[in-house]
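Novice: predicted coordinates and the sequence they were generated for:
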Amino acid sequence: MTFVRAVVERDLKLYMRGVVDLIGVWMFFGIAIAMLPLSIGPDPDILSRIAPGAAWAIALLASMLSLERVFAPDQLDGSLDLLLLHAPSAHVLVLAKGFAHWLVTGLPFVVLAPVAAIALGMELRGVLPLAGALLIGTPALSLIGTVGAALTAPLRRGGILAALIVLPQTIPVLIFGTAAVSETLMGRDSGAYFSVLGAFTLAALALAPYAGNAALRAVRS
Amino acid sequence: MAKALHRLANPARFLRIASPLLPWIAAGAAVCMGLGLWFGLVESPPDYQQGDAARIMYVHVPAAWNALAGYAGLAIASAIALVWRHPLALVAARCIAPIGACFTVIAIATGSIWGHPMWGTWWVWDARLTSVVVLLFLYLGYIALLHAFDEQETGERAATVLALIGAVNLPVIKFSVDWWNTLHQPASILRFGGPSIDPAMLLPLMLMAGGFTLLFAYLVIIRMQTELARRRVMALRRTALAMSPASDA
């Protein structure tokens, strides 16, 4: 536990040291949202209908932008060796890394995405479901993303590749995340969608450490 | 089974077994596809609703089957490579990937060509179509990761892990996409329900499926031969370089 806390604190410190990059991720989200009305047209009917899904999809894309900061810098300067040496097991390190990544690129969108969705015309009663779905679903995204980051750790510019291999794996989260919101907005019982979303996160929590461990072993010989 | 696998791990032995088989596989593919095309294009009746456009099925369906089976093959080869450190399975996996991706593209393209006269549109975001697009991206991601590393071996190991993650996740993705489709679209008229297929159409379909499968196997083995030959050349070059007197310079 102390190890997890130490890694998370260290990662947060590093993220904050390069906070421009982080702000860039959040800004990307804002700009991409602003591009939607510009490209699709200002029709409130269309925009309000796509609002929750657009917020979800763009938050997902934005969170992929920072994947190359999860393992690659540590691999480059050798600190990943030390981390693995001191970790109770590589699995714990993967979990800690995933958690730190979620804190900076998952959690912020729990707040930002509902704001963006409202700006696009989503009804106010969609705020809680959207924030809730993101809160439940984004940990799965960060965990899957961490595995992708591990697979591309030694690459100089692995960011795009990491996103490329991670995005198809996140489709289930995206589908159930948006369905949870839109079903609630349509006044239907959406409990099942939140449950499935939670199941994805729990499954990712259980499996990602093993996949991440295998990934780190594979690329660091 | 494990023993048989280990026997095949020797590339030389694999080539001894596979190379003589190759012409037979090629001949089988040619015969199956020739007969399949004859029965499919000439002997079988046009569909009573779709007319001659239904004949695209004889290319489309076998390509789609092989695209799926190819990913299964990729996943199995990757699992064998990871569990038994089977060197030839790694070669097989990397050779299956581009061919599987090509078959996926064929399935998507022929489906579009068929969809345009039948549905009046090149593309719909139907569950099946979307799943196949995802499959294509899984293939492409595998290939991209495979070639991303300076060291071929590292790329292979990384891609192996990715293939297995994809294989575990694929049923979940498929299930989610089906779910998504029933959620966002009313009962689809595009479904392939109805009475089972007529024998006059089943025969060419099966022939073509057999032909495509043999063609797939043929292409994979050819690629594996090429890859093994390339590795041999590289190894020989390294040895030659190490032994040449100029290597001190």
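Specialist: Right, received. Where do you want to start?
Novice: chain neighbours aside, what residue packs nearest to the residue nearest the centre of chain B?
Specialist: Among the residues of chain B, the one closest to the centroid is B:Gly100, at 2.5 Å (CA atoms, centre = their mean). In space, B:Gly100 comes closest to B:Gly70 once its chain neighbours are excluded; the distance is 3.0 Å by CB to CB, 6 or more residues apart in numbering or on different chains. From N, CA and C alone the C-beta is placed, and that goes for glycine too.
Novice: hang on, that neighbour is in a helix, isn't it?
Specialist: Yes: secondary structure of B:Gly70 (DSSP: H, G, I helix; E, B strand; the rest coil): part of a helix.
Novice: number of nearby residues for it?
Specialist: 24 (other CB atoms under 10 Å in any protein chain shown).
Novice: now do the contacts for B:Leu145.
Specialist: B:Leu145 is in contact with A:Leu151, A:Thr152, A:Leu161, A:Ile165, B:Gly155, B:Ala158, B:Ala159, B:Leu162, counting by CB atoms under 8 Å, 6 or more residues apart in numbering or on different chains.
Novice: and the longest helix for chain B?
Specialist: helix B:199-243 (DSSP state H).
Novice: all helices for chain B, in order.
Specialist: Along chain B, counting by DSSP H, helices occupy B:2-8, B:11-38, B:57-84, B:87-119, B:127-146, B:152-184, B:199-243.
Novice: contact residues of chain B facing chain A?
Specialist: By the rule CB under 8 Å from any CB of the partner chain, the part of chain B lying against chain A is B:82, B:134, B:137-138, B:140-142, B:144-145, B:148-149, B:153-154, B:157-158, B:160-162, B:164-166, B:168-169, B:172-173, B:175-177, B:179-180, B:183.
Novice: next, the buried residues of stretch A:128-136.
Specialist: Neighbour counts over stretch A:128-136 (16 or more other CB atoms under 10 Å in any protein chain shown) mark A:Pro129, A:Leu130, A:Ala131, A:Gly132, A:Ala133, A:Leu134, A:Ile136 as buried.
Novice: next one, pLDDT for the most far-flung residue of chain A relative to its centre please.
Specialist: Distance from the centre of chain A peaks at A:Asp43, with 29.5 Å (CA atoms, centre = their mean). What the model reports as pLDDT for A:Asp43 is 90.
Novice: for A:Leu12, same thing?
Specialist: The model's pLDDT for A:Leu12 equals 92.
Novice: tell me the spacing between the closest residue to it other than its chain neighbours and A:Gly158.
Specialist: Ranked by CB to CB, 6+ apart and with sequence neighbours excluded, the top spatial neighbour of A:Leu12 is A:Ala100, at 6.0 Å. For A:Ala100, the distance to A:Gly158 equals 18 Å [CB to CB, to the nearest Å].
Novice: try B:Leu135
Specialist: To A:Gly158, B:Leu135 is 23 Å away according to CB to CB.
Novice: now do B:Leu15
Specialist: Applying CB to CB, the value for B:Leu15 to A:Gly158 is 35 Å.
Novice: repeat that for B:Glu156.
Specialist: Distance, B:Glu156 to A:Gly158, using CB to CB: 17 Å.
Novice: neighbour count winner among those two?
Specialist: A:Gly158 (26 against 20).
Novice: output the set of residues of chain A in proximity to chain B.
Specialist: Neighbours of chain B within chain A, by CB under 8 Å from any CB: A:147, A:151-152, A:154-155, A:158, A:161, A:164-165, A:167-169, A:171-172, A:175-176, A:179, A:183, A:200, A:207, A:211, A:214-215, A:217-219, A:221.
Novice: cutoff 7 Å now
Specialist: Proximity of chain A to chain B (CB under 7 Å from any CB of the partner chain) is limited to residues A:147, A:151, A:155, A:161, A:164-165, A:168-169, A:171-172, A:175-176, A:179, A:211, A:214-215, A:218-219, A:221.
Novice: for the one helix or strand A:Ser39 maps to, buried residues please.
Specialist: Under the criterion of DSSP states H and E, A:Ser39 resides in helix A:19-40. By neighbour count with 16+ other CB under 10 Å, helix A:19-40 contains the buried residues A:Leu22, A:Val25, A:Trp26, A:Phe29, A:Ala32, A:Ile33, A:Leu36, A:Pro37.
Novice: and the pLDDT at residue 25?
Specialist: Going with chain A. pLDDT, A:Val25: 90.
Novice: look at chain B instead
Specialist: The model reports B:Ile25 with a pLDDT of 94.
Novice: which residue packs closest to it, ignoring adjacent ones?
Specialist: Closest to B:Ile25 by CB to CB, 6+ apart is B:Tyr218, at 4.8 Å.
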